[in-house]
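Student: my questions are about this predicted structure, shown below with the sequence.
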Amino acid sequence: MVADVIFDKEDQLKRIQQYIIPRETLVAVYDCKGAGSGFVGITDQRIIFYDQAFFRKKKSMISIPYNRVIGISSSDEGTFLKTSEIVLITAAGNFSFEFRGADKAHRTYRYIMNQIMNQPSPQMAG
């Protein structure tokens with residue numbers, strides 16, 4: 001249901017929705033800053049992101065199931081624009097996401113940590 005999904009841009013939401021599989025719940029879609037990642041989708045089973053640099057010059061939709069995430073790091077620069085970054089650490093490499101707002105990065109960090117630790121997930125809002 002779109003009403004329950006937190007998102008920054010409707011066109012990004014629609015792109016991610018095409019990749020949602022049966023019995024998977026889309027929780028949020030956030031716009032990202034930086035050259036690599038255009039936006040990131042958070043579901044109850046994986047992270048889906050649109051990457052413009054992963055496969056050379058081709059644009060790709062990448063999925064990382066939570067059971068493939070080894071760790072996650074978070075940094076909060078506290079700059080004027082209040083951008084924050086999280087890095088997913090996987091066996092395939094590290095994937096960095098710079099969010100437009102510390103609140104979005106912190107909510108995403110908490111949600112992913114709960115998923116990889118197999119804990120009940122908190123709501124993304126608040």
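Tutor: Sure, I can see it. Residues are numbered from 1 along each chain as shown.

Student: how about the contacts made by the residue nearest to Tyr19 when sequence neighbours are not counted?
Tutor: Excluding the flanking residues, the one nearest Tyr19 by Cβ to Cβ, 6 or more residues apart in numbering is Ile48, at 5.5 Å. Backbone N, C-alpha and C define where each C-beta goes, glycine included. For Ile48, the contact set (Cβ atoms under 8 Å, 6 or more residues apart in numbering) comprises Ile16, Tyr19, Val40, Gly41, Met61, Ile62, Ser63, Ile64.

Student: what's the answer for Gly41, then?
Tutor: Residues in contact with Gly41 (Cβ under 8 Å, 6+ apart) are Ile16, Tyr19, Leu26, Ala28, Val29, Ile47, Ile48, Phe49.

Student: that one bridge partners, please.
Tutor: Note on Gly41: beta-bridge partners by DSSP bridges are Val29, Ile48.

Student: so which of the contacts of Ile48 sit within strands?
Tutor: Per DSSP state E, strands hold the following members of the contacts of Ile48: Val40, Gly41, Met61, Ile62, Ser63, Ile64.

Student: point to the residue nearest the middle of this protein.
Tutor: Val40 (4.0 Å; Cα atoms, centre = their mean).

Student: looking at the protein, which helix or strand is least sure?
Tutor: Every helix and strand in the chain was compared by mean pLDDT, DSSP states H and E; the lowest is strand 46-55, with a mean of 76.

Student: thanks a lot, catch you later.
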